[in-house]
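Asker: Just need the structure, nothing else, for what follows:
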Amino acid sequence: MSTSDFDIPTPEADAASRRTSKVSVVGAGAVGATLAYAALIRGAAREVALYDINKAKVEAEALDIGHGIQFTPMGSIVGSDDPAVCADSDMIVITSGAKQKPGQSRLELAGATVNIMKKLIPSLLEVAPNAIYMLVANPVDVVTYVSMKISGLPANQMFGSGTVLDSGRLRYLVSLRTKTAVQNVHAYIVGEHGDTEFALWSSANIASIPLHEWPQTGPNALTIEDREEIAKDVVNSAYKIIEGKGATNYAVGLACTRIIEAVIRDENRVLPVSSLLHDYNGVNDVCLSVPSIVGRSGVKQTLKVPMDEFEIARLQASAEKIRSVAAGLGF
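Answerer: Purely as a prediction, here's the structure:
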C-alpha cells in the first residue's frame with residue numbers, strides 16, 4: 001500500500017488543525033483583568049493575552065491569574081506591554097479608556113478615550129488585522145463608531161459590548177420582582193449604553209407571557225410603576241457601583257465573556273451589542289445597541305424587533321445624542 005492511500009496532512013495543515021483559540025484583552029485595569037479571569041474560568045478561549053502599557057501591572061495581573069490555571073479549564077495567559085502579544089488573535093477586546101469618576105456620565109469620557117483609540121487601534125491592526133474587535137471602553141457607542149472610522153474595518157468585524165450588561169441587569173431586577181428565574185425573563189435594553197438607554201417593554205416577556213399582561217396584584221406583581229422603577233435602576237446601576245467601589249468589573253467581565261463565547265464558538269446568539277446601524281427604524285450611520293445575531297464573523301445581522309411608536313422615538317433620540325457627540329469630536 002502506497003503512502004498515497006493515506007490522508008497525510010502537510011505540516012501547515014497539521015499546525016492549522018491544532019491551532020487553539022486566542023483572545024486578547026487590551027487594558028489590565030479592573031474591567032480588563034476581571035474579563036481575562038472570567039474568560040479563563042469559563043473556558044471561552046484556550047489562550048488569553050493581556051496587553052497594557054503599564055508593564056509591571058499587566059505582568060502582575062497575568063501572573064496572579066496564571067497561578068490559578070490548575071483550577072480552570074485548560075488554558076494559558078500571558079501579559080505584556082508590547083502589542084505584539086496580541087498577534088494572531090481570533091478576537092481582541094478593548095477595555096482601555098479614561099476612567100469614569102463618581103457622578104460622571106459615560107459621554108463625558110468621550111474625548112479622552114477617543115484620543116487613546118487613535119493611537120491604540122493602528123498598533124493592534126498591525127499585529128491582528130483579521131481579528132474580531134469588541135470595544136468595551138466608555139462611552140462605548142461613540143468609541144465604537146470612531147474606532148470603526150479609524151480602522152476602516154467592516155461593520156461586522158468591529159462592534160461594542162453595548163447593552164448586553166444592561167439587559168442582564170434588567171432581567172435580574174425583573175426576576176427579583178416577579179420571583180421567577182432570570183433565565184426565563186426575555187427582555188432587552190437598547191439604544192445608548194448610557195443615560196438614554198431604555199427597555200423594550202412592548203416585547204418583553206416571561207415564558208411567552210407579555211410583561212404588560214403580567215399580574216399587577218399578588219406576590220409576583222409587576223406594575224407599571226415597578227417597570228418604571230426597574231428601568232431607572234438599570235440606568236443608575238453603574239453610577240451606584242462606581243460611587244461605592246470605584247469601578248464596575250464583575251458583571252461586565254461575565255457579560256463580555258458571554259459575547260466572546262458567541263464569537264469563538266460561532267453560536268449565532270442574539271445579543272444587544274452596539275454596531276453600525278443603517279435604515280433601522282429611521283436610524284442611520286450611528287452605533288447603537290439592538291438585538292443582533294453574533295457569531296464567528298462578528299455581527300452577522302441586526303434584528304428589527306417590534307417597537308411601538310414611543311420606543312422608536314426614544315431610539316431615534318438616543319441616536320441623535322450619540323451622533324452629536326461623535327460630530328463634536330470630528331467624526
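Asker: Going by C-alpha atoms from here, please, whenever you check contacts or count neighbours.
Answerer: Will do.
Asker: Which strands and helices lie in contact with the helix or strand encompassing Ala38?
Answerer: Assigned by DSSP states H and E, Ala38 belongs to helix 30-41. Secondary-structure packing of helix 30-41 (3 or more C-alpha pairs under 8 Å, 6 or more residues apart in numbering; DSSP states H and E): strand 22-26, strand 47-51, helix 250-264.
Asker: Relative to Val263, how far out is Ser21?
Answerer: Counting by C-alpha to C-alpha, to the nearest Å, the gap from Ser21 to Val263 is 11 Å.
Asker: Strands of the stretch 101-250 of the chain, residue ranges please.
Answerer: Applying DSSP state E, counting those that start in this stretch to the stretch 101-250 of the chain gives strands spanning 132-135, 158-160, 185-186, 189-190, 198-199, 205-206, 209-210.
Asker: Nearest to Ala84, out of the ones you listed?
Answerer: Shortest distance between Ala84 and those, using C-alpha to C-alpha, is found for strand 132-135: 15.7 Å.
Asker: Not counting that closest one itself, show me its contacts.
Answerer: For strand 132-135, the external contacting residues (C-alpha atoms under 8 Å, 6 or more residues apart in numbering) are 90-95, 143-144, 157-161, 297-298.
Asker: Please apply the same query to stretch 42-61.
Answerer: Contact partners of stretch 42-61, identified using C-alpha under 8 Å, 6+ apart, comprise 20-28, 32-33, 36, 39-40, 62, 72-83, 85-86, 257, 260-261, 264.
Asker: can you pull the pLDDT of the spatially closest residue to Cys86 that is not a sequence neighbour?
Answerer: Closest residue to Cys86 apart from its sequence neighbours, by C-alpha to C-alpha, 6 or more residues apart in numbering: Ser24 at 5.6 Å. For Ser24, the model assigns a pLDDT of 98.
Asker: Distance from the chain centre to the helix holding Ala38, please.
Answerer: Centroid separation for helix 30-41 versus its chain: 13 Å, with C-alpha atoms, centre = their mean, to the nearest Å.
Asker: tell me the angle of it relative to strand 22-26?
Answerer: Relative orientation of helix 30-41 versus strand 22-26 (axes from the mean of the first three to the mean of the last three C-alpha atoms, to 10 degrees): 160 degrees.
Asker: Report the contact partners of Ala87.
Answerer: Here Ala87 is in contact with Val127, Ala128 (criterion: C-alpha under 8 Å, 6+ apart).
Asker: separation between it and Pro129?
Answerer: Taking C-alpha to C-alpha, one finds Ala87 at 9 Å from Pro129.
Asker: and the closest residue to Val164 other than its chain neighbours, how many residues sit next to it?
Answerer: Closest residue to Val164 apart from its sequence neighbours, by C-alpha to C-alpha, 6+ apart: Pro272 at 5.4 Å. For Pro272, the count of nearby residues is 28 (other C-alpha atoms under 10 Å).
Asker: Report the contact partners of Pro272.
Answerer: Here Pro272 is in contact with Gly162, Thr163, Val164, Ser167, Tyr188, Ile189, Val190, Ser289, Val290, Pro291, Ser292 (C-alpha under 8 Å, 6+ apart).
Asker: Same question for Val31.
Answerer: Each residue near Val31 by C-alpha under 8 Å, 6+ apart is listed here: Thr95, Thr248, Asn249, Tyr250, Val252, Gly253.
Asker: Can I have the buried ones of these as a ChimeraX selection?
Answerer: In ChimeraX, a selection of the buried entries from these looks like this (16 or more other C-alpha atoms under 10 Å):
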select :95,248,249,252,253
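Asker: farthest pair in the contacts of Val31?
Answerer: Taking C-alpha to C-alpha as the measure, the contacts of Val31 reach their widest spread between Thr95 and Tyr250, a distance of 13.6 Å.
Asker: Please report how far the residue nearest in space to the middle of the chain lies from Asp64.
Answerer: The chain has Ser161 as the residue nearest its centroid, 2.0 Å off, counting by C-alpha atoms, centre = their mean. According to C-alpha to C-alpha, Ser161 and Asp64 sit 26 Å apart.
Asker: picking up where we left off before, any chance of the helices and strands packed on helix 30-41 in JSON lines, plus distance to Pro102?
Answerer: What follows is the helices and strands packed on helix 30-41, written out as JSON lines (distance: least, C-alpha to C-alpha, whole Å):
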{"stretch": "strand 22-26", "distance to Pro102": "23"}
{"stretch": "strand 47-51", "distance to Pro102": "26"}
{"stretch": "helix 250-264", "distance to Pro102": "18"}
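Asker: Just the buried residues of the contacts of stretch 42-61.
Answerer: For the contacts of stretch 42-61, a burial check counting by 16+ other C-alpha under 10 Å picks out 21-28, 32-33, 36, 39-40, 62, 75-81, 83, 85-86, 257, 260-261, 264.
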